[in-house]
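Peer 1: Below are the sequence and a predicted model; questions follow.
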Amino acid sequence: MAAPETSTAAVPTLYTNNTLRNAFGDVLSFFILLLIGVFAFSIRLFSVIKYESVIHEFDPYFNYRVTQFLTKNGIYEFWNWFDDRTWYPLGRVIGGTVYPGLTLTAGTIWWLLNSLNIPLSVETVCVFTAPIFSAFASWATYLLTKEIKGAGAGLTAAVLLAMVPSYISRSVAGSYDNEAVAIFALIFTFYLYIKTLNTGSLFYATLNSVAYFYMVCSWGGYTFIINLIPMHVLLCIVTGRYSSRLYIAYAPLVVLGTLLAALVPVVGFNAVMTSEHFASFLVFIIIHVVALVYYIKGILSPKMFKVAVTLVVSVGLAVCFAVIAVLIALVASSPTMGWSGRSLSLLDPTYASKYIPIIASVSEHQPPTWPSYFMDINVLAFLVPAGIIACFLPLSDASSFVVLYIATSVYFSGVMVRLMLVLAPAACITSGIALSQAFDVFTRSIKFQLPGVSSNAEVDAGETSSATAEAHNDAVKTEKAETSKDRPSRKSKKKEREHVEKPSSKAKAEKKRLLALPLEASLISLLLLVLLGAFYVVHCVWAAAEAYSAPSIVLTSHSHDGLHVFDDFREAYAWLRHNTDVDDKVASWWDYGYQTTAMANRTVIVDNNTWNNTHIATVGTAMSSPEKAAWEIFHSLDVKYVLVVFGGLVGYPSDDINKFLWMVRIGGGVFPHIREPDYLRDGQYRIDSQATPTMLNCLMYKLSYYRFVETDGKAFDRVRRTEIGKKHFKLTHFEEVFTTHHWMVRIYKLKPPKNRIRGKTKKSKSKTSSTSSPKRSGTTKKNPWH
């Protein structure tokens with residue numbers, strides 16, 4: 001009787017140990033996640049610590065201005081806001097042309113904090129929104145990876161995402177752009193989709209639709225979700241992995257998600273009328289046909305099933321062909337085949353450079369180089385292949401989704417450098433899976449080969465299995481109240497079972513021992529993985545502190561005599577705000593439109609929204625024209641001031657001279673008299689003595705290099721590393737009113753038109769007619785550019 005009592009008493013202890021171990025693991029995971037969130041938030045504060053709490057880049061200033069309007073005037077005024085400060089004289093309807101997710105999120109945070117008597121300014125909330133949501137994105141990555149490969153891989157992926165440079169570049173403190181909240185929404189939507197796929201729960205399916213709605217509100221990149229998920233569903237159907245869980249995960253998302261997406265004003269009926277969404281509807285039809293086939297198969301005999309399948313497939317094909325015909329008709333009626341310009345640029349990388357130079361002119365729309373991959377994801381680029389292999393061991397619905405995600409994101413990131421941001425979560429997830437699997441293999445190999453550990457493990461395994469078997473048998477005896485006649489047979493069966501189980505446990509232990517790596521190799525591999533992780537951490541901290549923390553509106557440089565700060569942009573905007581009338585119009589290239597409106601509070605002709613190509617081409621044509629023709633164009637637009645950015649004195653490369661050829665291309669796309677070859681000498685863009693007369697006499701050249709020779713006597717351009725071609729000239733239709741301390745921003749005022757005196761007008765007309773008469777007799781017309 002002693003043996004059964006001992007084995008029975010050991011079972012509660014075993015279960016208690018497992019429960020305590022699981023509880024301790026959950027608590028430890030919670031605190032690790034908390035530390036990961038704090039780390040993700042803290043590593044993005046270098047910009048505030050090193051510089052100041054300020055909004056970065058160009059687009060965030062528009063989002064900040066809209067958030068200010070929302071918190072001051074309310075949600076209803078926001079939806080109906082017509083902004084007459086932009087795109088003069090057209091204006092812009094803000095509520096119907098902006099993705100409101102970021103603005104509503106920051107506005108809600110500001111309202112909650114003020115409700116709790118925490119009086120933070122709108123600017124402070126906007127500055128710290130991105131770091132806060134980077135912590136949320138890390139936690140969402142943990143949840144997603146945990147659903148795929150377990151908690152260990154989830155924690156590894158979360159800490160990798162918390163500091164990956166590609167994501168830091170868009171989520172540092174002050175980077176108040178749509179991607180600040182959109183990446184969290186993207187990852188969380190994918191998590192809820194995988195969670196629904198694993199559980200088949202309608203509750204998670206509904207939450208998935210709500211998360212997709214938040215993603216639609218936040219960023220135009222939501223089309224990546226609504227195309228990737230249908231691709232995965234179609235992959236599961238083709239590979240024979242259809243299940244009711246797959247149907248529950250997809251069908252509610254298409255129906256409810258599309259209805260919710262149509263509620264966003266900037267999307268509206270585009271959710272059902274544009275080609276980016278057609279794939280989801282086509283797969284929606286296919287999955288219903290497959291579901292109907294599986295249902296019929298369950299209720300009919302094999303012979304009847306063949307007849308029914310033929311009928312269903314015939315009807316399904318007819319419906320698919322009808323839908324495809326309707327889609328083709330809709331697509332054919334659109335000049336761009338129903339696709340937006342940016343989507344076409346992703347499908348055909350040469351499309352933008354051929355047909356839409358305004359898209360190709362944006363630096364973040366250019367394809368990346370290999371060094372940019374190493375800069376933005378670093379060692380993850382080498383871990384991704386290992387993670388893909390780990391996803392196939394074994395392959396599941398969730399792991400196949402990760403493989404599809406990383407494959408598509410690699411392609412899109414190769415087309416457009418901005419989409420490196422979409423690649424970052426996929427790279428972190430696959431790398432987290434690879435590192436977790438590697439650590440598991442190496443630590444298990446060390447465990448089985450350390451002296452005294454492997455034998456104890458085998459004994460513990462044998463004792464645990466025997467104790468469990470005995471406890472199970474005793475419990476069955478107690479519940480069924482077996483008679484004493486049955487006990488001897490039960491005991492003999494238990495002995496036989498123990499006799500069989502002991503060799504099996506030994507065989508399993510021996511099999512694990514054979515699969516283990518050598519001890520030295522495991523230790524060296526673990527050391528190399530730790531060094532690899534340390535190198536990754538050092539690189540990420542450097543990228544966060546040096547490469548991605550400097551705000552573009554405040555520039556710095558290091559030289560032998562210390563740190564130099566260039567605050568010319570804010571200096572220029574402050575001058576405009578305090579020295580011009582409120583109703584004055586300011587013309588500049590579209591890059592500076594948002595900042596001029598937000599910081600100078602002046603009306604601009606074009607801005608970063610780039611919704612009207614003709615308006616931008618008009619400004620580009622003015623900058624490319626001679627001074628008089630440019631004055632006429634700006635005067636017709638009621639422009640009073642012209643702002644240009646010039647970096648020739650301090651070596652700032654992102655100035656208007658370097659962007660000038662894009663102004664020529666965009667202007668020439670609408671106004672054919674502007675031709676790019678006129679500005680090139682033998683196919684080369686030059687501003688020195690070899691530059692063409694057209695280039696030396698255009699407005700952009702004159703506004704940039706006016707009085708530049710006075711700086712050093714040679715007029716040496718430090719960006720182009722040459723002396724300019726035309727050094728001494730005067731302006732006749734523009735006058736310089738302000739130049740910043742480092743000559744980075746120059747502001748000119750249009751001179752008023754001269755008074756027309758009748759006598760002088762007649763005299764000038766007679767002179768014009770007399771000088772033009774010989775030209776009419778056969779001589780060629782003089783080029784006005786010379």
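Peer 2: That came through fine.
Peer 1: Can you pull out the low-pLDDT segments for the stretch 451-600 of the chain?
Peer 2: 451-515 (pLDDT under 70).
Peer 1: In this structure, what helix or strand scores lowest on average pLDDT?
Peer 2: helix 453-480 (a mean of 42; mean pLDDT, DSSP states H and E).
Peer 1: And the helices in the stretch 601-750 of the chain, which stretches?
Peer 2: 613-624, 627-636, 656-670, 693-696, 699-705, 709-712 (DSSP state H, counting those that start in this stretch).
Peer 1: Which of those sits closest to residue 161?
Peer 2: Using C-beta to C-beta as the measure, helix 656-670 is the one of those that comes nearest residue 161, at 33.9 Å. Every C-beta, even on glycine, is put in place using the N, C-alpha and C of the backbone.
Peer 1: Show the pLDDT at the nearest residue to residue 88 once chain neighbours are set aside.
Peer 2: Residue nearest to residue 88 in three dimensions, not counting chain neighbours: residue 603, with 5.0 Å by C-beta to C-beta, 6 or more residues apart in numbering. As predicted, residue 603 sits at a pLDDT of 95.
Peer 1: Equivalent analysis for residue 356, please.
Peer 2: The per-residue pLDDT reported for residue 356 equals 69.
Peer 1: Check residue 762 too.
Peer 2: 45.
Peer 1: hang on, the earlier thing: report the contact partners of the residue nearest to residue 88.
Peer 2: Residues near residue 603 by C-beta atoms under 8 Å, 6 or more residues apart in numbering: 84, 85, 86, 88, 583, 584, 585, 586, 597.
Peer 1: Can you select the buried ones among those for me in ChimeraX?
Peer 2: Here is the ChimeraX command that selects the buried residues among those (16 or more other C-beta atoms under 10 Å):
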select :85,86,88,584,585,586,597
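Peer 1: Between the contacts of residue 603, which sits nearest residue 743?
Peer 2: Residue 743 lies nearest to residue 586 out of the contacts of residue 603, by C-beta to C-beta, at 18.7 Å.
Peer 1: Strands along the stretch 51-200 of the chain, start to end?
Peer 2: 82-83, 92-93 (DSSP state E, counting those that start in this stretch).
Peer 1: In CSV: those strands, plus mean neighbour count and mean pLDDT.
Peer 2: Below are those laid out as CSV (neighbours: other C-beta atoms under 10 Å; pLDDT from 0 to 100):
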stretch, mean neighbour count, mean pLDDT
strand 82-83, 15, 93
strand 92-93, 16, 92
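Peer 1: Can you tell me how far residue 700 is from residue 134?
Peer 2: Note on residue 700: its distance to residue 134, by C-beta to C-beta, to the nearest Å, is 39 Å.
Peer 1: I meant to write residue 292 there.
Peer 2: 44 Å.
Peer 1: These two: which has the busier surroundings?
Peer 2: More crowded of residue 292 and residue 134, by other C-beta atoms under 10 Å: residue 134, with 29 against 16.
Peer 1: Verify the stated contact: the more buried one with residue 38.
Peer 2: No. With contacts counted by C-beta atoms under 8 Å, residue 134 stays clear of residue 38, the gap being 11.1 Å.
Peer 1: For the residue nearest to residue 555 when sequence neighbours are not counted, give me the backbone phi and psi.
Peer 2: Take residue 555 and drop its neighbours on the chain: the residue closest to it by C-beta to C-beta, 6+ apart is residue 566, 4.1 Å away. Dihedral pair for residue 566: phi -110, psi 100, per degrees, to the nearest 10.
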